[in-house]
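Asks: Sequence isn't available, so here's the structure alone:
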């Protein structure tokens, strides 16, 4: 690991200036577990020209990879102990030319060119940018790994995460919010209990609290597999002429404790889970006794720390609280030691022996190296040197090895105000999915932030789309009311421009608080906004790229033209679980292009003060399960263009106080399955322009208390398949111009007196061969060919003989 000789050298690496060397005269090196190392050193370059050549120009050396070999300058004083050296691999961040110094003529070169260098870890290259990036559903280790995958060019040293042993679950959002990659890296490490230790082998990551049991002060957190364990004696004597490696001084102190607090915010998937805090056993308030005695003070300070029991990342909020307590406690401790041990590294565990006959173990959390090569005489240039400056010394910051280390938690950057974004879909092409609804399992929509557009295009070009981060994420959206008890919901659609705010200013907790109209997503009110500026509208377009339909509720507020317009693109449904009232102070018009169905389980009452006009173009069906009463104050007119059918399952009654007129232009047919009874208080008058046919399967009984007249201007036929009986208590008269009686069977006439009067002739046919004929002057009796003529002249017999029997 050391350079070719025992001096300390600064060597530039790279194809153009490979192994270009500077001699280190003085150096101050700061190493910490919470920040990449920083080096300030004075070096010189030997050259033969009067001015620095082009290779040593400032513009050519800035941001070059370097190797700083720091060798123990006191090695020549003690040949019996091994040479200690240290290698720092970093970059040049600042160069200041200090001038040159001429050398004696016996030197092979003439000039030394002095420079002040500021060197940093290669991690400093991660601070050269600022970025907006969002990591969805990634663990913190995945994010850190990917950060270094993107930086393989600038970061050439080995990155090792193998010592991180804790389990870190997948986080829904991890946001890099206008931060450099380095700031983002350090913030994540601080918030997840991870810290960094650099060595000549690379950059190593450790976690702070891996399921360690610190319930008692004797348990040590660190083991040999995680950190290097070294042992050195305590030797405060100033007579260390042989420069033996030792701890020359140690100071114990406690600073004023910082007030710490945890600002917890709820989880988006379960806002009720915010009770996580710190249990009582997380903080041990044991006091230090006899603080005036250094030995007692030193022995008790190791026990003066919180007790942490089985700490891991199972509960995120509790874990954050624990880290805050731990980091604040570490900051309150002030344990400093000085040594001349060059090989020490941060995160080493050092056991110091011979402190009042005891051994004490500490973890090194910070080192300040001071180096001065006394072989190069001259005034010191660096500031902040210790008062007693040796050839090499260091100052160690320690914590007891009985407690874990945690960086001071770095607060997230505060999201400034609000921003805008566009709702995206499943593809990068928003226009192909515009007006569609794409949500995750929780009903959230994906939003691409406007502030990330430039960053997104840059990342697309640089990384060719091969990265784990994104510039959009699924967000919840606010509502005037949102709960399982009440609420209003309107899901933003792909292509909508939305307003995004950050809960408590947390960049990891964005939320949609509104939407904006623009030229690509204008209002659904059809006309220009200047024409419709008086309107207040709630509208929703049919989902789909080329859909034109919409549902709309619009309120127009022009004076004397106020209007509420409601449009349902297809179905409209109402559910009223109790009363429903309407008050319309003027007209109401209802138009139904299809069917109109009403179902009323109880009564339906209509009070119409004026006219009710019902026009039915088709059929009109009324079904009344019980009684139906219709009360008409004046006239009632029923106009039926086609058929009129009345079906009554039970009795049917009509009560008419005045006259009833029935006009039938066609036929009338009546069918009675039972009796037909008519009662007429006065006269019955029937006028039949045609004929009357009556068919009776039973008898026909006509009863008249006065007389019964049947008048026929033409013929009158009485036909009976059986008997015809005409009975009169007094007198029966048959008067006709002519009369034909045809009796197929017998005819019996029984009367005390039987009169047949005819004005013309009288014919009685009996079968085909017998007849009785009279024309008023004579009467003929005919049987077959025999005729008997009776007239005024006497009795005449034709074609027969006359027999008189006694």
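Replies: Arrived safely, thanks for sending. Given the structure is predicted, the values throughout are model-derived calculations rather than measurements.

Asks: Relative to the top strand by length along the chain, what are the paired strands and their orientations?
Replies: Longest strand in the chain, counting residues (DSSP state E): strand 85-102. With DSSP bridges as the test, strand 85-102 is paired with strand 65-71 (antiparallel), strand 111-121 (antiparallel).

Asks: quick one: which of those strands is nearest residue 646?
Replies: strand 111-121 (104.1 Å; C-beta to C-beta). For every residue, glycine as well, the C-beta is placed using N, CA and C.

Asks: in the closest one, what's buried?
Replies: 111, 112, 113, 114, 115, 116, 117, 119, 120, 121 (16 or more other C-beta atoms under 10 Å).

Asks: Can you get me a residue count around the closest residue in space to the fourth one that isn't next to it in sequence?
Replies: Which is residue 114. The shortest distance from residue 114 to any non-neighbouring residue, by C-beta to C-beta, 6 or more residues apart in numbering, is to residue 98 (4.1 Å). By other C-beta atoms under 10 Å, 13 other residues sit near residue 98.

Asks: And residue 27, by the same measure?
Replies: Neighbourhood size, residue 27 [other C-beta under 10 Å]: 24.

Asks: do the same with residue 361
Replies: Number of residues near residue 361 (other C-beta under 10 Å) recorded here: 17.

Asks: what about residue 336, helix or strand, and which?
Replies: strand 335-339 (DSSP states H and E).

Asks: model confidence over the next helix or strand after that strand, on average?
Replies: Sequence order places strand 349-355 as the next helix or strand after strand 335-339, per DSSP H and E. Mean pLDDT, computed over strand 349-355, is 86.

Asks: Also stretch 197-214?
Replies: 73.

Asks: before we move on, what about stretch 396-404?
Replies: On average, the pLDDT along stretch 396-404 is 90.

Asks: from the chain's centre, how far out does that stretch sit?
Replies: Relative to the centre of its chain, stretch 396-404 is centred 48 Å away, using C-alpha atoms, centre = their mean, to the nearest Å.

Asks: just stretch 150-162 next, same as before
Replies: Relative to its parent chain, stretch 150-162 has a centroid offset of 39 Å by C-alpha atoms, centre = their mean.

Asks: For the residue nearest to the spatial centre of the chain, which residues are in contact?
Replies: Residue closest to the mean C-alpha point of the chain, counted by C-alpha atoms, centre = their mean, is residue 443 at 1.9 Å. For residue 443, the contact set (C-beta atoms under 8 Å, 6 or more residues apart in numbering) comprises residue 491.

Asks: ok, 10 Å please
Replies: Counting by C-beta atoms under 10 Å, 6 or more residues apart in numbering, residue 443 touches 437, 474, 476, 477, 489, 491.

Asks: and if you look at residue 350?
Replies: Residue 350 neighbours (C-beta under 10 Å, 6+ apart): 228-232, 247, 337, 339, 341, 344, 360-364, 396, 398, 401.

Asks: Among the residues you listed, name the ones in helices.
Replies: When DSSP state H is applied, the contacts of residue 350 are split such that none fall in helices.

Asks: State the distance from the residue nearest to the centre of the chain to residue 594.
Replies: Distance, residue 443 to residue 594, by C-beta to C-beta, to the nearest Å: 34 Å.

Asks: and if you look at residue 506?
Replies: Residue 506 sits 54 Å away from residue 594, going by C-beta to C-beta.

Asks: Compare neighbour counts for those two and give me the winner.
Replies: It is residue 506, of residue 506 and residue 594, that has more neighbours when counted by other C-beta under 10 Å, with 18 against 5.

Asks: How confident was the prediction at the residue nearest to the centre of the chain?
Replies: Reported pLDDT for residue 443: 91.

Asks: wait, is it part of a helix?
Replies: No - according to DSSP: H, G, I helix; E, B strand; the rest coil, residue 443 belongs to no helix; its state is coil.

Asks: which residues does the residue nearest to residue 253 when sequence neighbours are not counted contact?
Replies: Among residues not flanking residue 253 along the chain, residue 334 sits closest, at 3.7 Å (C-beta to C-beta, 6+ apart). Residues in contact with residue 334, defined by C-beta under 10 Å, 6+ apart, are 251, 252, 253, 254, 255, 301, 397, 398.

Asks: quick check: angle from the helix or strand containing residue 26 to strand 85-102?
Replies: Using DSSP H and E, residue 26 sits in strand 20-32. Orientation note: strand 20-32 sits at an angle of 130 degrees relative to strand 85-102 (axes from the mean of the first three to the mean of the last three C-alpha atoms, to 10 degrees).

Asks: Which positions in stretch 543-558 come out as buried?
Replies: 551, 552, 554.

Asks: Which single one of those is nearest to residue 21?
Replies: Nearest to residue 21 out of the buried residues of stretch 543-558 is residue 551 (C-beta to C-beta; 78.4 Å).
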